[in-house]
Structure formats: structure tokens, C-alpha cells
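> Okay, here's the prediction I keep looking at, along with the sequence it came from:
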Amino acid sequence: MNTIIGELGKSQKFIDLSKQIEKEKSPISISGLTSVGMTEIISGINGYNKKSILLITYNEIQAKKILQNLQTFDKEKVVFFPKKEVVTYDYVAESKDLPYERIETLNKIKEKKNIIVVTTIEALMQKLPSKKSLFKNVLEFKVGDIYNLEDIKKSLVNMGYSRCDLIEGRGQFSVRGGIVDISADDKTGIRIELWGDEVDSIRNFSISSQRSISTLEKAKIYPANEYVLDDKIENICKKIRQKLTEGKQDEIIEEDIEQIKAGNYISKIDKYFNQFYTQKQKLLDYLQDDYILCFDEMSKINQRRENIIIENNNLIKSLIEKERVVPEAIRNISEGEFRLDKWINELEQKSNKSMIFMQTNGSYTNINQYEFNYREINVYKSEIEIFIADIKKWIKEKKQIRQVTGI
């Protein structure tokens, strides 16, 4: 375990906090934290209590700052779930980085690993395809098992993979005879070699060189993106056509239906989200019961939630005035009126999830409270003499000193 986290484990106050979490005593309030102090506490809870954590903050700037600090303690365990960029116009292509970042986090949540997920209140308010729909086509390969090649290809397409002659990056697969190559990320892929219908070998390979790296006994293939289809295209188009009202938007909707039928449906999902997905969930529904929920500055989270609703309603009004189709992914946020306080009350009564409220000042009443005494010192930059003087003072005071780079 990280040396600094190890030192935290010697604190009696932290030991008591860890025991409270283990006993599922919730909610808990932790105050007196700096930005680095909060990330140390989060890392410590994850390390000592062996539980996954969802950390919710108020905007993406803060989220990325927290993410960077947490990754200093343990880069492999920390993942980010960004908000989805819902556009109000049609586009031909989009950046693939954001969708891949989102699906990779959802896949890791599905794997039930001991991870820390950092997200924002806005991402929490956005709806997703149901967990059941997203993962219904997950493939599990094991040497010696029997698979039908046509079924493999169909499942990969349904999970958002594109078939290519030779894979060059994420979200692709290729089939050559009885060999199926599936990209795991930008650099590596998984090669499944079939002998008839039997899996003869499973290997990792380099996408750039196409050479094998290592052999595997088994492999699991998760979705390439969250835009999986929950129904047949024909049925989805039928539902969308029911929206036609002989108004000025009908021509646009008809054009969208033709694009969807042609297979160019991804850019239309936000616009007709409820027709693509009859069952919808939020990120919170993807979590296992043993997750710990941490809220960074609850007052700021609530204020941001209110602002999102106001901004959303103003956008809807503007689109209606311009006689534009309002994307259902936008309507869902306002119509859902995600009330964090109501949701927290429901969690306290019905869920096993522990909840921790983290803030720099103040504390909540009627809940378990822990106050730590973190403080930040000035950045020394070129003031090396002051830095040396402070070190001498701390040594004289018999304080332990740990230098950490990257925070």
C-alpha cells in the first residue's frame, strides 16, 4: 500500500472511521479537509475497507482535479465517468474519446473490481440504457468451449464493434477463417482461434505488429460503447414515426428515420432516446450494494443540480421557439427532476450503501461526524530558503515528512 496511506492507517481517528464504515453506520460526515486531504481519506477508505467508491462532485473541473490527486495514490484503481455531451444539432462524426471513457468505466463497474469512480452531479442526472440491455451480449471465451462463429459476429455487432479487414484501434473486430480478432484498446487486441466450433486458443496481441503477446485461458468481451440497440431498427423507427404530428418538424423526423434505417443511428440516439430505450437507468443503478457513496461539498452539488435544471429548461424553451426537435436526452433531465435530497433519504431507508459527506468546513447534524485537521501550505516555487527553514522546523517538532510528486 502507498506509504502515505499506510501512515493514515496509524491514526486512531481514521481507524474509528474505518470501523464505522465496516459496520455500515451511515451517513458519515467528514470535515476539516483540504483537496489533498480528501483524496488521501478516500484512498485510505478504499484501501483499508476494500470497498468500491463512487465520488460525486459538482463540476468536471473539480472532478478532474480530484481524479489527478487520487491517481497519485493508485492510478490503476481510479476511473472517471464524464457527463455525456448531448448536442442539439446533427453531426456526422464525434470524438470517440468520451464514449470510450464512459463505456470503459461502466465495464469496470460491471467487473465488480475494488475501484474508485469519480463523476459529477450532471453525469449522475443523465439517463443510460438499462444495465441488463447494455451487458446482455457480453461474450465469455474459454479454451475448449464451443461457440458458433455467426453468433460471435452478431454479438460483437450488437455490442457496438465495427467489422474491419484488419483492426487498427478500439471498437473494431475482424474475422479471417476461424480467427476472430477483437480490439481491447488502442494498442492491444484479443485473438480467438476456433477449430471448427471449439475455441482452440486465446491470445493477447499487439495491434501495430499483429504479433501475439501472451496466451490466455479465458477472456471476457464487454461492449465497445453504450449505444447498444435495445430493439430492432424497424421497431425503433415505428416508435419514432408515431411522434409525427404534421408539423414543421415532420420533415426532419422523416429524414432522421431514413438515416437510422441506413445504419447511421448513433447520432440520433440522444434525439430519440426514449424510442431507442424503453428501459432506462442512471449510473447509480449500475452500482453494487457494497459501494460507498462520497459527496464532495454537498451544498455545491445541490446548487449545481438546480442550475442544470434551469439551464436545461431554458434550452428546451429556446429549441421550441426555433421549431427544432428537442432531444429526449435533454428532456429526460428536466422531466426526471432528479432530487438528490429525496434520493438520499430513500437510500438511507432502503439501501445498504454507505454514504459519506465530505466538506472543508462545517458538518451535518444527527450523523456520525469526524473532523480531521488538514491544512495546505504555500507553494514554495523558487523560495528554497523558506522551504529548507520549514523542513528544519518540522524536524525539530518531530513531525514526519513525506514528499509526493504529481499532486
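Alright, I've got the coordinates.

> Next SSE downstream of whichever strand or helix holds residue 21?
According to DSSP states H and E, residue 21 maps onto helix 12-22. Next helix or strand after helix 12-22 toward the C-terminus (DSSP H and E): strand 28-31.

> hmm, back to that, show me the contact partners of the helix holding residue 21.
Identification of contacts with helix 12-22 by C-beta atoms under 8 Å, 6 or more residues apart in numbering yields 8-9, 28, 30, 41, 44-45, 48-49, 51, 292, 354, 356, 368, 370, 372. Yep, even glycine has a C-beta here, placed from its N, CA and C like the rest.

> do that again at 10 Å, thanks
5, 7-9, 11, 25-26, 28, 30, 40-41, 44-45, 47-51, 292, 354, 356, 368, 370-373 (C-beta atoms under 10 Å, 6 or more residues apart in numbering).

> I would like a PyMOL command selecting only the buried ones among the residues you listed, please.
Buried members of the contacts of helix 12-22, defined by 16 or more other C-beta atoms under 10 Å, are picked up in PyMOL with:
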select buried, resi 5+8+26+28+30+40+41+44+45+47+48+49+51+292+354+356+368+370+372
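
> So which of the contacts of helix 12-22 sit within strands?
28, 30, 292, 354, 356, 368, 370-371 (DSSP state E).

> Any idea which of these the model trusts least?
The member of the ones in strands among the contacts of helix 12-22 with the lowest pLDDT is residue 368, and it reads 77.

> show me where the stretch 101-250 of the chain has strands.
116-120, 128-129, 139-142, 162-163, 172-176, 179-183, 188-195, 198-206, 212-216, 218-221 (DSSP state E, counting those that start in this stretch).

> Pick the most buried one from those.
strand 116-120 (a mean of 26; mean count of other C-beta atoms under 10 Å).

> Using CSV, list the CA coordinates for that strand.
The C-alpha trace of strand 116-120 is given here as CSV (Å, rounded to 0.1, in the frame of the first residue of the first chain):
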residue,chain,number,x,y,z
ILE,A,116,-12.8,4.4,-7.2
VAL,A,117,-15.2,6.1,-9.7
VAL,A,118,-15.1,9.9,-9.9
THR,A,119,-18.1,11.6,-11.5
THR,A,120,-20.2,14.8,-11.5
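
> Pull out the buried residues from stretch 312-321.
312, 315-316, 319.

> which parts of stretch 45-65 are buried?
45-49, 51-60, 62-63, 65.

> So which of those are in helices?
Assigned to helices by DSSP state H, the following of those qualify: 45-49, 60, 62-63, 65.

> farthest pair in those?
Spatial extent of those (C-beta to C-beta) is set by the pair 48 and 60 at 28.8 Å.

> Where does pLDDT dip in the stretch 1-150 of the chain?
1-2, 89-96 (pLDDT under 70).

> make it 50
For the stretch 1-150 of the chain, applying pLDDT under 50 flags the ranges 92-93.

> returning to what we had before: restrict the helix holding residue 21 to CA atoms and write it as CSV.
The C-alpha coordinates for helix 12-22 follow below in CSV (Å, rounded to 0.1, in the frame of the first residue of the first chain):
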residue,chain,number,x,y,z
GLN,A,12,-6.8,6.3,15.7
LYS,A,13,-9.4,8.7,14.2
PHE,A,14,-9.1,7.1,10.8
ILE,A,15,-9.3,3.6,12.4
ASP,A,16,-12.5,4.6,14.1
LEU,A,17,-13.9,5.9,10.8
SER,A,18,-12.9,2.7,9.0
LYS,A,19,-14.7,0.6,11.7
GLN,A,20,-17.9,2.7,11.4
ILE,A,21,-17.8,2.1,7.6
GLU,A,22,-17.3,-1.6,8.2
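
> Which positions within it qualify as buried?
Judged by neighbour count (16+ other C-beta under 10 Å), helix 12-22 contains these buried residues: 14, 17-18, 20-21.

> what do you get for stretch 153-160?
Across stretch 153-160, burial judged by 16+ other C-beta under 10 Å covers 155-156, 159-160.

> Which of those scores worst on pLDDT?
Among these, residue 160 has the lowest pLDDT, at 88.

> so that one sits right up against residue 269, yeah?
No: if you go by C-beta atoms under 10 Å, residue 160 and residue 269 don't touch, sitting 11.4 Å apart.

> circling back to that earlier point, give me the distance from the helix holding residue 21 to the chain's centre.
Offset of helix 12-22 from its chain centre (C-alpha atoms, centre = their mean, to the nearest Å): 27 Å.

> re earlier: would JSON lines of the buried residues of helix 12-22 with distance to residue 250 be doable?
Shown next, in JSON lines, are those (distance: C-beta to C-beta, whole Å):
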{"residue": "14", "distance to residue 250": "62"}
{"residue": "17", "distance to residue 250": "59"}
{"residue": "18", "distance to residue 250": "60"}
{"residue": "20", "distance to residue 250": "59"}
{"residue": "21", "distance to residue 250": "56"}
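
> dump the residue contacts of the residue nearest in space to the middle of the chain.
Geometric centre of the chain, nearest residue: residue 81, 2.7 Å, by C-alpha atoms, centre = their mean. Counting by C-beta under 10 Å, 6+ apart, residue 81 touches 54, 56, 63, 101-106, 108-109, 117-120, 123-124, 283, 286.

> can you check residue 66 too?
By C-beta under 10 Å, 6+ apart, the neighbours of residue 66 are 35, 38-39, 42, 55, 57, 78, 80, 116, 118, 294, 296.

> try 6 Å
Residue 66 sits next to residue 118 when contact means C-beta atoms under 6 Å, 6 or more residues apart in numbering.

> Pretty sure residue 80 sits against residue 117.
No: counting by C-beta atoms under 6 Å, residue 80 does not reach residue 117; the two are 7.7 Å apart.

> Can you name the residues in contact with stretch 147-159?
Residues outside stretch 147-159 that contact it (C-beta under 6 Å, 6+ apart) are 137, 139, 173, 223-224.
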